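K.L.:
I would like to see how this sequence folds:
(one chain, ligands or ions: 1)
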Amino acid sequence: MQPRVQVLQGDITTLDVDVIVNAANPSLLGGGGVDGAIHRAAGPALLEACKQVRQQQGECPPGHAVITTAGNLRAKAVIHTVGPVWRGGDEHEARLLEDAYRNSLQLAEANGYTTIAFPAISTGVYGYPKAAAAEIAVNTITDYLTRHHHLQQIYFVCYDDETTHLYQRLLTQLGDEPTG
Ligand code: ADP
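P.N.:
Predicted coordinates for the structure are as follows:
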């Protein structure tokens, strides 16, 4: 496991990273959970930036990602991605969650950013089972990092103990794997 990936527990809005990823909804106009926290911390400039993107591109479908400025946050940019709503697992939820992580990484890299923080997308209001979502997050990101070398540091920012332990276990398992 590369040291490029780290687990933190706490509030993602306080981090000093290039990019904070928001678990947005398709409207891009804010919501509850981490979306609400990011908009509160960033101030009205973030909502204005989101409205502009929405005017130009319309709604953001699940699996897609868009980038805006970051208002009052310490981060330089916010990437808004929409995870899937959990509907039992037969509605392409896994692929859409993977897309959300991968498209966010691609967008950060395309904009020249090197440090990025992710919340546990879809595991709040959208109801994705936490263990399955953590596995997708870790696998998608580690797979991406083996093929792309521009990103320097990725943080998984977990809000609750359960999610933190899930990510820590997954990353430890990867670290224990023989590399040769
Ligand atoms: P979704 O609609 O994609 O499920 P939520 O915001 O409801 O998004 O939840 C996604 C994850 O973000 C959940 O694990 C939730 O506990 C977590 N979360 C909520 N607030 C914050 C915050 N300020 N910082 C980091 N994670 C947060």
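K.L.:
What sits closest to Gln52 if chain neighbours are left out?
P.N.:
Of all residues not flanking Gln52 in the chain, Thr68 sits nearest, at 7.9 Å (C-beta to C-beta, 6 or more residues apart in numbering). Just so you know, the C-beta spots here come from the backbone N, C-alpha and C atoms, and that holds for glycine as well.
K.L.:
which ones are touching the residue nearest to the spatial centre of the chain?
P.N.:
In the chain, the residue lying closest to the centroid (C-alpha atoms, centre = their mean) is Phe118, at 3.4 Å. Contacts of Phe118 were listed using C-beta atoms under 8 Å, 6 or more residues apart in numbering, and they are 21, 101, 104, 137, 141, 154-157.
K.L.:
Stretch 84-99 - what's its average pLDDT?
P.N.:
For stretch 84-99, mean pLDDT rounds to 98.
K.L.:
now what about it, what contacts it?
P.N.:
Against stretch 84-99 from outside (C-beta under 8 Å, 6+ apart): 62-64, 83, 100, 121-122, 126-129, 132-133, 136-137, 140.
K.L.:
and it, which residues are buried?
P.N.:
Under the neighbour-count criterion of 16 or more other C-beta atoms under 10 Å, stretch 84-99 has 84, 86, 93, 96-99 buried.
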